[in-house]
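Trainee: Dropping the sequence and predicted coords here.
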Amino acid sequence: MDKKLLDILACPICKGPLVFHKDQNELICKVDRLAFPVREDIPVMLEDEARALPADEEV
């Protein structure tokens, strides 16, 4: 994930910062506990496409 792109991306729900998890190829919002997929190097920032993180999963 390009550092410049990551710096300007924000969670579409809370507008908070995102963290890139390279091993799962996802952008994580810690506040909303959502994981947004990155497909073919393009972040999919749609709430319907996001994966809800279980309470026991570390972010």
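Mentor: Yep, that arrived. The structure displayed is predicted, hence computed values, not measured ones.
Trainee: use CA for all of it now, contacts and neighbours both
Mentor: Fine.
Trainee: tell me the SS of the spatially most central residue of the chain?
Mentor: Centroid-nearest residue in the chain: Leu27, 2.2 Å away (criterion: CA atoms, centre = their mean). Secondary structure assignment for Leu27 (DSSP: H, G, I helix; E, B strand; the rest coil): strand.
Trainee: Next one: it relative to Glu58, how far apart?
Mentor: Plainly put, Leu27 is 14 Å away from Glu58 if you go by CA to CA, to the nearest Å.
Trainee: What's the local residue count around the closest residue in space to the residue nearest to the centre of the chain that isn't next to it in sequence?
Mentor: Excluding the flanking residues, the one nearest Leu27 by CA to CA, 6 or more residues apart in numbering is Phe20, at 4.5 Å. By the criterion of other CA atoms under 10 Å, Phe20 has 19 neighbours.
Trainee: which residues touch Phe20?
Mentor: Neighbour list for Phe20: 1, 6, 26-28 [criterion: CA atoms under 8 Å, 6 or more residues apart in numbering].
Trainee: Ranking by neighbours, what's the top pick from those?
Mentor: Most surrounded of the contacts of Phe20: other CA under 10 Å gives Leu27, at 26 neighbours.
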